[in-house]
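Asks: Based on what follows, work out the 3D shape:
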Amino acid sequence: MMNVEEEVERLKEEIKRLGQIQSDGSYKVTFGVLFNDDKCANIFEALVGTLRAAKKRKFVAYDGELLLQGVHDNVEITLKPAPPAVATTTVV
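Replies: Coordinates of the predicted model:
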């Protein structure tokens, strides 16, 4: 059984696999594509719950609170771009 952090990381991977990269480095996918994907169906017992956890942690953005299959199939889910890596310097 995965914990929430692991599920959110897997969700980010699946959004990258199924989504389209945008010019700002984000990825977009519709809820219907994510929900109807066989691999996602096998990974996530509660896709909507995982999406809510990812939204709460500000990894993804989408309109609304609760997404329902069929009704919200065209809602775009945006995986925000990763923050730039901070360069570290060694002081001698």
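Asks: so after the helix or strand bottoming out on mean pLDDT in the chain, what's the next helix or strand?
Replies: When each helix and strand of the chain is scored by mean pLDDT, DSSP states H and E, helix 38-43 comes last, with a mean of 93. The helix or strand immediately downstream of helix 38-43 is helix 47-56, counting by DSSP states H and E.
Asks: Tell me the buried residues in that following helix?
Replies: Residues of helix 47-56 classed as buried by neighbour count (16 or more other Cβ atoms under 10 Å): 47-48, 50-55. (Glycine included, C-beta is placed from N, CA and C.)
Asks: how close does Val8 get to Gly70?
Replies: The gap separating Val8 from Gly70 is 24 Å, by Cβ to Cβ, to the nearest Å.
Asks: How about Ala46?
Replies: From Ala46 to Gly70 the distance is 17 Å (Cβ to Cβ).
Asks: One more: Glu9?
Replies: Using Cβ to Cβ, Glu9 is found at 28 Å from Gly70.
Asks: out of the two, which sits in the more crowded spot?
Replies: Glu9 (13 against 8; other Cβ atoms under 10 Å).
Asks: ok, the residue nearest the centre of the chain - contacts?
Replies: By Cα atoms, centre = their mean, the chain has its centre lying nearest to Lys12, at 4.2 Å. Contacts for Lys12 were tallied using Cβ atoms under 8 Å, 6 or more residues apart in numbering; they are 54, 59-60, 79.
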